[in-house]
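1. sequence and predicted model, in that order:
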Protein chains: 2
Amino acid sequence: MRGCVIIAGLGPGSDGLVTPEVRAAIDNATDIVGYIPYVRRIAPRPGLTLHESDNRVELDRATHALEMAQKGQRVVVVSSGDPGIFAMASAVFEALEAGPVEWRELDIRVLPGITAMLAAAARAGAPLGHDFCAINLSDNLKPWALIEKRLRLAAQADFAMAFYNPRSKARPEGFGRALEILKETCEPERVIVFARAVSRPDEDIRVERLTNATPDMADMQTMVLVGSSQTRIIERDGTPIIYTPRSADA
Amino acid sequence: MRGCVIIAGLGPGSDGLVTPEVRAAIDNATDIVGYIPYVRRIAPRPGLTLHESDNRVELDRATHALEMAQKGQRVVVVSSGDPGIFAMASAVFEALEAGPVEWRELDIRVLPGITAMLAAAARAGAPLGHDFCAINLSDNLKPWALIEKRLRLAAQADFAMAFYNPRSKARPEGFGRALEILKETCEPERVIVFARAVSRPDEDIRVERLTNATPDMADMQTMVLVGSSQTRIIERDGTPIIYTPRSADA
């Protein structure tokens, strides 16, 4: 039997955000591969083997998935959010390209998911309702200088911005430097949203003006959304609504 | 009874990409509001009124939804893809902000969906696997000069790029101008993906090098994805795999 590798996005946490297509792939799998907390979202059943692995071993995990598929197994690599956005799909293709040429004959598919940026934006209103960019603030795999260059150009383009992986224990400094660059390049009233653990029980949404934003407002569970110069706040009882209008001037 | 407006994303077309959360909102609605082809994706049932409206009347449609919710109805505004990405959520909040202050007491929620860019990227591989931007190429609501500025800055930042609404009968020229700017600012081998009607029966994925890309390769049903300078092609039988590695140099 021909094996397959399906790289599937589980969305940000709630089962209500897992697509039927992804659910069906999991139901049909022989093996699930992924980072520990994502594999633990999958219910065990007879005939299904769960392979948990630690963070930062993405290439090993990808290679393992491809090897099992080569033996005829139906492997699902699970990612949080969307697998193509700062997640496992690129790691699998890096392993594929570096591996034996026979692997290219495997059935390999990516199933999209609700990436954190979309879930966070939905909770806040529509801060990404106009042109925007997505930047991974981790400098594990790229130099900080490149992140800084992109932040400055994104501000100049007046993009709304979504920041993935803003801050971790191993990288406590980067997000503070990113905030400094934004404070240099954007007006102090710029809207910034800290969306933590979206769709999970400990969800927390915090809206600030840039001038009041501090590095401790983000952690590894936080999606940070920065508005464009046009982004607006609609005040009301409870959390305000943040949105970026569809139209813009030059 | 307190009415509500739920702005829900139906994904790019396939029912397998509609989240359970969105499905439940539709099942619980009294009224569905949206652009004709999206409303036609909803199955009629007793107790549900379907309100179809034409393109380019987004503010009227949003106002109608808010008015019905004010009367106590459970209104779902349907969008293709994700409602917060170049879709109905911003239009509803524009209408909300301009409308009577009582509307702000309504229960208003956005339910995310699989936006076209994620579905197209998944079909191609993982072209958005590193930092990227999303630009609406329609100049209906912003000057062309702003689009051009953003394209040049995005190329300078070496973002991968996702273009929504690249070309329509009413705007036949813009996409050709966008391609000219990319050809001026990026190397000729840059990868470009034309993903048409993703997840629908007439789906078509075409991969080209920038130097060979022509304006007629896109229409209103096409999502255009442009790789960064690092984006790679894995050749194999059938459609090649396009991906952007996770790491990058300065």
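-> Here it is on my side, so go on.

2. count the neighbours of the closest residue to A:Glu189 other than its chain neighbours for me.
-> Excluding its sequence neighbours, the residue lying closest to A:Glu189 (C-beta to C-beta, 6 or more residues apart in numbering or on different chains) is A:Arg209, at 5.2 Å. Every residue, glycine included, has its C-beta placed from N, CA and C. As a burial measure, A:Arg209 scores 13 neighbours (other C-beta atoms under 10 Å in any protein chain shown).

3. next one: the one 5 residues further on
-> Residues lying near A:Thr214 (other C-beta under 10 Å) number 10.

4. contacts only, for the closest residue in space to it that isn't next to it in sequence.
-> Distances taken as C-beta to C-beta, 6+ apart put A:Leu179 closest to A:Thr214, at 7.5 Å, once the chain neighbours are dropped. For A:Leu179, the contacting residues are A:210, A:213-215, by C-beta atoms under 8 Å, 6 or more residues apart in numbering or on different chains.

5. looking at the residues you listed, which is nearest B:Tyr35?
-> For the contacts of A:Leu179, the residue nearest B:Tyr35 by C-beta to C-beta is A:Leu210; the value is 35.1 Å.

6. and the helices in chain A, which stretches?
-> With DSSP state H as the criterion, chain A has helices at A:20-27, A:36-39, A:58-70, A:88-98, A:116-124, A:144-156, A:174-185.

7. point out the most buried one among those helices.
-> Across those, averaging neighbours per residue (mean count of other C-beta atoms under 10 Å in any protein chain shown) puts helix A:116-124 on top, at a mean of 29.

8. and that helix, what does it pack onto?
-> Packing partners of helix A:116-124 (3 or more C-beta pairs under 8 Å, 6 or more residues apart in numbering or on different chains; DSSP states H and E): strand A:160-164, strand A:191-196, strand A:204-209, strand A:222-226, strand B:107-111.

9. domains in chain A, by residue range?
-> Split into domains by automatic domain parsing, chain A comes to A:4-114, A:117-243.

10. include mean pLDDT when you put the ones you listed into a markdown table, please.
-> What follows is the domains of chain A, written out as a markdown table (pLDDT from 0 to 100):
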| stretch | mean pLDDT |
| --- | --- |
| domain A:4-114 | 97 |
| domain A:117-243 | 96 |
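
11. buried ones among the contacts of A:Leu179?
-> Buried members of the contacts of A:Leu179, counted by 16 or more other C-beta atoms under 10 Å in any protein chain shown: A:210, A:213, A:215.

12. can you tell me which of these are up against chain B?
-> Near chain B, taking C-beta under 8 Å from any C-beta of the partner chain as the test, no member of the buried ones among the contacts of A:Leu179 is found.

13. from those residues, pick the one nearest A:Arg45.
-> Set against A:Arg45, the nearest of the buried ones among the contacts of A:Leu179 by C-beta to C-beta is A:Pro215 (43.2 Å).

14. am I right that that closest one is in contact with A:Arg171?
-> No: counting by C-beta atoms under 8 Å, A:Pro215 does not reach A:Arg171; the two are 11.0 Å apart.

15. show me the contacts for the nearest residue to A:Ala91 once chain neighbours are set aside.
-> Sequence neighbours aside, A:Glu58 is the residue nearest to A:Ala91 in space, at 3.8 Å (criterion: C-beta to C-beta, 6+ apart). A:Glu58 sits next to A:88, A:91, B:246 when contact means C-beta under 8 Å, 6+ apart.
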